[in-house]
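Colleague: My questions are about this predicted structure, shown below with the sequence.
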Amino acid sequence: GSATGTGQTGGNPTHTTPTTTSASNSLGGFTVAVAPVSTNASSGNEEIQWSFLNEGCASVSSVSILLPAGWTWGGDSYSLVNQINPPNPDNIATETWTVAGAAPIVFTTSAGRQLANGQVGIFDLLFTGTPAATGVSNFTVTITDTNGASDTQAVPVTVNAYNTGGANAAGTEVWREDFR
């Protein structure tokens with residue numbers, strides 16, 4: 001779905017979501033991408049999405065994301081994984097993973113609901129605050145399979161000063177937000 005509204009230019013933004021996705025990075029037998037690749041400093045209500053393609057042998061049983069300094073997670077998350085037959089004969093994306101923890105935040109699921117070889121999983125976190133300082137924030141992502149093997153990678157997101165990079169144009173404008 002989508003929503004439209006009027007943006008505010010005075011002070012810091014309440015929400016910005018550039019839609020550029022990172023180049024895919026290889027992580028062991030997995031491909032990782034993050035969207036957006038940049039955000040504004042001191043933003044709230046910022047959604048960051050990691051997508052994983054399992055190109056390994058065993059199914060993924062957990063995904064953990066360690067937050068860099070300055071990022072505040074309020075506990076809101078989302079996961080979407082296409083399940084294969086069975087238990088999902090229509091191969092419809094389902095939200096069957098749970099999230100817990102804070103350092104790191106860990107998504108897990110039960111047997112039969114893991115991210116099988118060839119499947120894509122999408123894991124979102126909604127942040128209540130982004131760093132005040134500009135620069136590159138590296139999220140440490142660890143993927144663990146059902147055999148207990150894991151791979152870890154730093155996934156960068158750039159934090160820009162407010163009103164740079166085109167995410168927040170000067171003046172009050174109409175903005176659109178996509179919910180996926």
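Modeller: Great, that's in hand.

Colleague: Can you list the low-confidence ranges for the chain?
Modeller: Counting by pLDDT under 70, the chain has low-confidence residues at 1-28, 82-95, 163-180.

Colleague: Downstream of the strand or helix carrying Thr39, the next helix or strand is which one?
Modeller: Here Thr39, judged by DSSP states H and E, is contained in strand 38-40. The first helix or strand that comes after strand 38-40 along the chain, using DSSP H and E, is strand 46-54.

Colleague: so what secondary structure elements neighbour that next one?
Modeller: Here strand 46-54 touches strand 30-35, strand 60-66, strand 120-129, strand 135-145, going by 3 or more Cβ pairs under 8 Å, 6 or more residues apart in numbering; DSSP states H and E. For the C-beta atoms, the positions are set from N, CA and C on the backbone; glycine is no exception.

Colleague: let's go with 6 Å and repeat that
Modeller: strand 30-35, strand 120-129 (3 or more Cβ pairs under 6 Å, 6 or more residues apart in numbering; DSSP states H and E).

Colleague: between these, which one is nearest to Ala102?
Modeller: Go through the helices and strands packed on strand 46-54 one by one with Cβ to Cβ and the one that ends up closest to Ala102 is strand 120-129, at 11.2 Å.

Colleague: got the angle for that closest one vs strand 46-54?
Modeller: 160 degrees (axes from the mean of the first three to the mean of the last three Cα atoms, to 10 degrees).

Colleague: Out of the helices and strands packed on strand 46-54, flag the one nearest Gly44.
Modeller: Ranking the helices and strands packed on strand 46-54 by distance to Gly44, with Cβ to Cβ as the measure, places strand 120-129 first at 5.6 Å.

Colleague: Quickly run through the sheet partners of that closest one, with directions.
Modeller: For strand 120-129, the paired strands and their directions (DSSP bridges) are strand 46-54 (antiparallel), strand 72-82 (antiparallel).

Colleague: ok, Ser42 touching Thr134?
Modeller: No - at 9.9 Å, Ser42 and Thr134 do not qualify as touching, with contact defined as Cβ atoms under 6 Å.

Colleague: ok so, going back, of all the strands paired with strand 120-129, which gets the most neighbours per residue?
Modeller: The highest mean neighbour count among these belongs to strand 46-54 (a mean of 21), with neighbours defined as mean count of other Cβ atoms under 10 Å.
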